[in-house]
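Colleague: This is a predicted model, with the sequence first.
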Amino acid sequence: MMDGFPDVMRAEWTKFRSVPVYLGTLLGAAGLMVLFAVLISSGSPGTYDQAPYVDRFRFTHRPLTGDGSIVARVAGQRADHPWAMAGVMIKESATAGAPYAVLAVTRGHGIRLQARFTTDIAGSDHKAPHWLKLTRAGTVITGYTSTDGSVWRPVGTVTMTGLPSTVEMGLFATSPGAERAVPMRPVLMRTRPGTAVFDNVSVTAPGPPWRTDDIGGAGSPEPPPPLGIEPTAVTVTTPAGDIIGQADDGSRVIAAVAGSIAGLLPLLALGSAFVTAEYEHGLIRTTFAARPGRVQVLAAKAVVLAATVFTTTLVAGLAAFLITQPLLRLQGFRPPTYPDPSLADPTVLRVLVGTAAFLTLGAVLALGVGAILRHTAAAVTTTIVLAMAPVLVTPMAGGPWPQRLGPLAGLSIQQIKETDDAFLLPWAGRTWTGFTLLCAYAAFAFAGGCVLMRRRDP
Amino acid sequence: MNLIERPTAATIETHGLRKHYGRTLAVNDLTFTVVPGRVTGFVGPNGAGKSTTMRMILGLDTPDEGRALVGGRPYRGLRTPLRHVGALLDANALHPARRACDHLLWMAHSNGIPARRVDEVLDQVGLATVARRRAGAFSLGMKQRLGIAAALLGDAPVLMFDEPVNGLDPEGIRWICGLLRGLAAQGRAVLVSSHLMSELEDTADHLIVIGRGRLLADTSVRDLRAQASGGRAQASGGRAQASGERAQAPGAQTQASGERHGLEQISLEEAYLRLTRDATEYTATEDGT
Amino acid sequence: MRRALRAEWTKWRTVPSTALAPWLAVALTLAASAVVAATAEPGTTVCPTAETCDTVRLTLSGVQLGQVPVVVAAALTVTGEYGTGLIGPTLTAVPRRLRVLTTKAVTVTAVALAAGLLSVAGCLIIARALLPGSGLPVPPADATTWRAALATVLYLALITLVSLGIGALLRNIAAAVTTVLGLLFLLPILARLLPNGHLLEKYAPTTAGLALQTTKNLEAQLISPSTGLTVLTAYAAAATTLGALRFHTHDP
């Protein structure tokens, strides 16, 4: 079966390179990849364009003068992101960027004591429900946790020099998503509002009434509900928001491959058209007459397609990487926060080569679908809809599963920081899972094409 | 048949047609008239500009200069053009998933032709039994017949066929020659193009010969033979010898120079080849490469 | 014109890929809306709580999927003629090119409107049946609901015209489908990545289409329904004009 395969490949390569539209599509896809990388790198850094932090959340608080403490039990937390927080906070004032200290439960990282965008102390590995206490003595703030509200364990201490006498103290929640994640990721997931339910709220000294503010202008769909004088049970629902200081989120590498999804669609069309064009113009009969081994023909097409797409997209990715570095530095993505990435770094290589492989697998998947459906419009439409399914489905049904199960799962290979920016990619924390799934899809489609090609008459 | 307009005079005229494709001059100052009552063969080597000319007559391509008229009017100005001109340009111009009868039906609808004409023409071309089959399943010969049926749909006084015998078997070729002669006998103007003179030998009464976009001859078949034979009689012995060796067509007889009784038997094929010898775009060399 | 229209309709209904497209569109829309209605939960921007849930938009959202067959079929009515060489017989039968494109536009619009009406009617019926099971209120039978439903039908018609124009412009079905689906699904995502991309996202066709379906919390939308309609009309006009220019002037 394998003899003469090089001849078949040569024939398919001749067919491929003699159609200007095919070569044009390859170049066009490469051009789109580079273009988007450049455009994205030339704009504002997005997440941190106003200030070197993100400070957006809903804060239910009242002023505290002098020493005091706040105790609350986080009865429940509902949010998507592993770093979504719900807890108690002491903040200099109810404005974005003001110094703060928080003690909160998170969805995926246990209890944390954080302050001033730079300090992060890990507590026990508990989720809601849990008791939290934050005490202030002068400029020293201490956090305690408890499972029952009577036995308290200290988590840590932060010293906030320059803390004025009157501060704001209260309850808060965040719901990170697009904000925490790199602005260069295409956002398919929705960031849902995060809700934290507190009860057994008590403060050491009574004072002015509580108020609720959206810090950082979060812009909520509904106004905060009014509170009674001394509430003991509070629900804080925050629209998308986060409290985070600027840190390396992988932007300098992600920018290079940010346009890969733009290059995907033309390559899917190319993959399908490479086989359906023969059926639609009757050329397939000539092809099969010249070479009766039909599986050989499809395999040769797959090899030619894979080789050309992989080469082109890899070169495009490398070019994008090299071109975007100076642009990104100009935009403020500089050391020490954003160190210079190097091509010798295995992560960088994985992202660049993996992206080229992702696009190649997509094209081969499209080829298989084309061999199965034999009709250009049907094949191109089906492949694109399958790939874009998360875009359609996620806004309606939500959740990570549309992205995890579709061909776009292959994007998991692009993860740089586990759980952070990876939140926007499928299979957060598992770089190879989604990619392997896409390999399986492509193989399955190709096999289906082979089987049907042998069985059916053209 | 309920005619919306009276069919105009059955003629095709071209006046000084000129067309470039890129840098190639495909048609160069072409002027001729096709009149009713006879079959006019439109012949020339491959690439001579026959299809381009026909497309310009039908308004599919715009000439750079000159104009083409059907019944004295430009094609694009006709309200029901299929009733004025029936044309077969490309037998493969069909949607493979559409049934043959539906392919003719939409054409009929577009020009207000009654649906029963569809059945009539399918019967006339011998496709009545496969009318409801998808056109994609047709052989080349069947597609040719379907294209001919489409040309006949409007019962038009002017008919144009571009290479209609492609893909037909000998019986089919004989059938179409009979069809063409019959249509001409009904008083229609029939223009048939071909690059093989042998196909038209018994069918055409008049010939328009073009080569490299230029008009080479606009004459009756008899006159063309006479012209070619006359030229041959004046040729030197050596050249007559050579052309005698080249004449391979059936019925041709190689003659020594100067013998006039071979005049009637010079094949149209040879006459045409001599005429277009210099104008052939694509010629195989002697050793077959 | 009437005869040319009849011919275009005959062409549409005698080829499976175009004839079946509207039925597939309706089926996909209803299926998608059914899934949404059955599984929707409060907690999203569209549906923050059960009381403030925009159930009309939820139920009509299935059209985002259902639009695909109709849109592809619209492009096919033009690209299919070039691919098969059928453009020759078409222009021979109807030499006035603008008339050919106009009759195609009328045909695809009529089909889109019919499919749209069937779809939204079915979606609203499905909503009545399935939403109570999800604990969400049934869309009220008031003017706002009708407005959103009819606007959705209009959206379908306009986006179909966009696809027809792009098909006439590109003359190749793979290119046309990629462009139209990319415009619909990829543009909003890519727009968010670009600097000043919020403008691009604001005026994307999908954004406009979703705005048309929104009945609650209109201020949070990027664009108002009426502006959305204007935007979509502009897209349809631009695409059909460009397509008509290419159709008219170039030799086939």
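Modeller: Received the coordinates, thanks.

Colleague: which residue of chain C sits farthest from its center?
Modeller: residue C:92 (31.3 Å; CA atoms, centre = their mean).

Colleague: can you pull the contacts of the closest residue to it other than its chain neighbours?
Modeller: Spatially, and ignoring its direct neighbours in sequence, residue C:92 is nearest to residue B:58 (5.4 Å; CB to CB, 6 or more residues apart in numbering or on different chains). For the C-beta atoms, the positions are set from N, CA and C on the backbone; glycine is no exception. With contacts defined as CB atoms under 8 Å, 6 or more residues apart in numbering or on different chains, residue B:58 is in contact with B:75, B:85, B:87, B:89, B:160, C:91-92, C:95.

Colleague: JSON lines please, covering these and showing pLDDT and secondary structure.
Modeller: Shown next, in JSON lines, are the contacts of residue B:58 (pLDDT from 0 to 100; DSSP: H, G, I helix; E, B strand; the rest coil):
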{"residue": "B:75", "pLDDT": "92", "secondary structure": "helix"}
{"residue": "B:85", "pLDDT": "94", "secondary structure": "strand"}
{"residue": "B:87", "pLDDT": "95", "secondary structure": "strand"}
{"residue": "B:89", "pLDDT": "92", "secondary structure": "coil"}
{"residue": "B:160", "pLDDT": "95", "secondary structure": "strand"}
{"residue": "C:91", "pLDDT": "93", "secondary structure": "helix"}
{"residue": "C:92", "pLDDT": "93", "secondary structure": "helix"}
{"residue": "C:95", "pLDDT": "91", "secondary structure": "coil"}
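
Colleague: Which single one of those is nearest to chain A?
Modeller: residue B:89 (17.8 Å; CB to the nearest CB).

Colleague: doesn't residue B:162 make contact with the closest one?
Modeller: Yes - contact between residue B:89 and residue B:162 holds when scored by CB atoms under 8 Å: they sit 4.8 Å apart.

Colleague: what do these two both touch?
Modeller: B:51, B:54.

Colleague: Next up, the contacts around residue 162.
Modeller: Since no chain was named, I'll use chain A. Residue A:162 neighbours (CB under 8 Å, 6+ apart): A:99, A:139.

Colleague: meant chain C, my bad for not saying
Modeller: Going by CB under 8 Å, 6+ apart, the list of residues near residue C:162 reads C:71, C:180, C:183, C:205, C:232, C:235-236, C:239-240.

Colleague: and what of residue A:277?
Modeller: Here residue A:277 is in contact with A:283, A:376 (criterion: CB under 8 Å, 6+ apart).

Colleague: Residue C:137 now?
Modeller: Counted by CB under 8 Å, 6+ apart, residue C:137 has contacts C:50-51, C:53, C:55, C:131.

Colleague: repeat that for 10 Å
Modeller: C:50-53, C:55, C:127, C:131 (CB atoms under 10 Å, 6 or more residues apart in numbering or on different chains).

Colleague: These: which ones sit near chain A?
Modeller: Contacts with chain A within the contacts of residue C:137, counted by CB under 10 Å from any CB of the partner chain: residue C:52.

Colleague: For the contacts of residue C:137, which ChimeraX command selects only the ones that are buried?
Modeller: To isolate the buried members of those in ChimeraX, using 16 or more other CB atoms under 10 Å in any protein chain shown:
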select /C:53,55,127,131
